[in-house]
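# Below is the sequence, then the predicted model.
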Amino acid sequence: MSILTILEFPDERLRKIAKPVNNIDNSLQTLIDDMLETMYHSGGIGLAATQVNVHLRLLVIDTSEEKNAPLCLMNPEITSKDGEFEYKEGCLSVPESYEKITRPGHIIVKGLDRNGAEIEIEANDLLSTCIQHEIDHLNGKLFVDYLSPLKRQRIKTKLEKMHRLEGK
Ligand code: GNR
Ligand code: NI
């Protein structure tokens, strides 16, 4: 297994629209395992393939306390959403920025598991937020897009400076 490199805002590759997965082969299984390893290694609760520069509709999530409940979802589609839930969101692609975002607090999402079997998940609160955050990534959207232009610009400037200092 390997730890993958996570793209960081304002990298334009985070804006690409991911394409449906239609080939569940060994290399896809390796990618899923590497994404899970990368997510756990980074201390994140979710990771979208877009973030590791693979533009396929694939995400992994683990919102459990014990970090022992990996969830893999491919070609996700939200079939219903309601309510509201506010959470201070962060993103592995936007390091060191956390902002309150309100999203639907209850969703039903369908998709495929890592074996290609159809699954339907009913999610509330944190899991609902996380699934929506990951699906946004697959559509080239970041949580900073929900903020004011001023806040987004401040975050962009801060990260560009960090990247310069890191020689990225
Ligand atoms: O680790 C993460 N935490 C988080 C907190 C609130 C809402 C969404 C998330 S997902 C994020 C990992 C990540 O960047 N996934 O794309
Ligand atoms: Ni993210």
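That came through fine. Ligands and ions are numbered 1, 2, ... in the order given.
# Just give the nearest non-adjacent residue to the spatially most central residue of the chain, would you?
With distances taken as C-alpha atoms, centre = their mean, residue 134 lies nearest the centre of the chain, 3.1 Å away. Excluding its sequence neighbours, the residue lying closest to residue 134 (C-beta to C-beta, 6 or more residues apart in numbering) is residue 59, at 3.9 Å. To be clear about C-beta, it is placed using only N, CA and C from the backbone, and glycine gets the same treatment.
# what's the neighbour count on that neighbour?
Using other C-beta atoms under 10 Å, the number of residues around residue 59 comes to 28.
# next one: the one 5 residues further on
The local packing of residue 64 (other C-beta under 10 Å) involves 12 other residues.
# How about the one 5 residues further on?
Neighbours of residue 69 under the rule other C-beta under 10 Å: 10.
# Which residue comes closest to it once chain neighbours are left out?
residue 62 (5.5 Å).
# circling back to that earlier point, bridging residues for the residue nearest to residue 134?
Beta-bridge partners recorded for residue 59 (DSSP bridges): residue 48, residue 73.
# Quick check, pLDDT for the residue lying farthest from the centre of the chain.
Most distant from the centre of the chain: residue 165, at 25.9 Å, with distances by C-alpha atoms, centre = their mean. Residue 165 is assigned 97 on the pLDDT scale.
# can you check residue 168 too?
Per-residue confidence at residue 168 stands at 77 (pLDDT).
# Pull the contacting residues for it.
For residue 168, the contact set (C-beta atoms under 8 Å, 6 or more residues apart in numbering) comprises residue 8.
# ditto for residue 61
Contacts of residue 61 by C-beta under 8 Å, 6+ apart are 45-47, 70-71, 73, 127, 130-131, 134.
# What ranges does the chain have for its helices?
26-42, 125-138, 149-165 (DSSP state H).
# closest to ligand 1 out of the ones you listed?
Closest approach to ligand 1 among the helices of the chain (C-beta to the nearest ligand atom): helix 125-138, 4.0 Å.
# which residues are contacting the closest one?
With contacts defined as C-beta under 8 Å, 6+ apart, helix 125-138 is touched by 14, 17-18, 45-51, 57-59, 61, 63, 73, 76, 78, 81, 85, 87, 89, 91, 93, 101, 103-107, 109, 121, 123, 142-143, 145.
# Okay, buried residues for it please.
127-138 (16 or more other C-beta atoms under 10 Å).
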